[in-house]
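S.K.: coordinates for the following, if possible.
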Amino acid sequence: EFAELLIDCAPDPTPPADASLPACCPVPNLASLLLFVHLAAAVVWVGGMVFAHFALRPAAVATLDPPQRLPLMAAALGRFFAWVVVAVAAILATGFGLIAAMGGFRAVGGYVHAMTAIGIVMAVIFVGIRWGSYPRLVAAVAARDWPAAAAALGQVRRWVTINLVLGTLTVALATLGRGL
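M.R.: Sure, this is the predicted structure:
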């Protein structure tokens, strides 16, 4: 349905003389812009989780002792989470904007409802990580309490793993959902 919106609303290379737009979307470039921002934000969030989980953390564990590794992870996650706050806001705003452009929830398929529900769950989990587990990590690192910092980082990692699975499921729904 998202692809149809973009195809139906794509600028015609030979527009009619009155330059009227298709009825599906009064501003076709807006739908394209919303989809671009939506996908770019998802790439930042899900791609960042993949990087942190499968590249950064294993490399840090393999090469650094806890007094070096845990401050690095806290600092890296702090920078990443600043980007994720923006990405989550963008994903939610553009997702609801795209749904509205398509005629609302009654006009979209079940997979869009599923993506929306999963996205909201992911956002709630992120809020718990960012304002729950992560501050405990930062405080433990500041206190040089390495066991507490490791425990807090382990909690962040578990929740990020759940969000990574949910994010991958959402990508699958976005690309394959219409055919299910």
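
S.K.: state the mean pLDDT of stretch 101-110.
M.R.: For stretch 101-110, the mean per-residue pLDDT is 93.

S.K.: sorry, that was for stretch 126-145
M.R.: Taken as a whole, stretch 126-145 carries a mean pLDDT of 98.

S.K.: got the buried residues for the lengthiest helix in the chain?
M.R.: Taking residue count as the measure and DSSP state H as the definition, the longest helix of the chain comes out as helix 66-101. The neighbour-count criterion (16 or more other C-beta atoms under 10 Å) identifies 66, 69-74, 76-77, 80-81, 84, 87-88, 90-92, 94-95, 97-99, 101 as the buried residues of helix 66-101. Just so you know, the C-beta spots here come from the backbone N, C-alpha and C atoms, and that holds for glycine as well.

S.K.: how about stretch 43-58?
M.R.: By 16+ other C-beta under 10 Å, the buried positions in stretch 43-58 come out as 44, 45, 46, 48, 49, 52, 56, 57.

S.K.: quick one: end-to-end length of it, please.
M.R.: Using C-alpha to C-alpha, to the nearest Å, the end-to-end distance of stretch 43-58 comes to 21 Å.

S.K.: wait, doesn't residue 128 sit right on residue 159?
M.R.: Yes. Counting by C-beta atoms under 8 Å, residue 128 sits close enough to residue 159 to count as a contact (6.6 Å).

S.K.: which parts of the protein are helices?
M.R.: When secondary structure is read from DSSP H, the chain shows helices at 2-9, 28-51, 57-63, 66-101, 110-128, 134-142, 146-176.

S.K.: could you give the mean pLDDT of the second one?
M.R.: Here helix 28-51 scores 94 as its mean pLDDT.

S.K.: quick one, it and helix 110-128 angle?
M.R.: Here helix 28-51 runs at an angle of 50 degrees relative to helix 110-128 (axes from the mean of the first three to the mean of the last three C-alpha atoms, to 10 degrees).

S.K.: by contact count, what packs against helix 28-51?
M.R.: Helix 28-51 is packed against helix 2-9, helix 66-101, helix 146-176, with contacts defined by 3 or more C-beta pairs under 8 Å, 6 or more residues apart in numbering; DSSP states H and E.

S.K.: any chance of those helices in CSV, plus distance to residue 110?
M.R.: Written out in CSV, the entries for the helices and strands packed on helix 28-51 read as follows (distance: least, C-beta to C-beta, whole Å):
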stretch, distance to residue 110
helix 2-9, 14
helix 66-101, 13
helix 146-176, 9
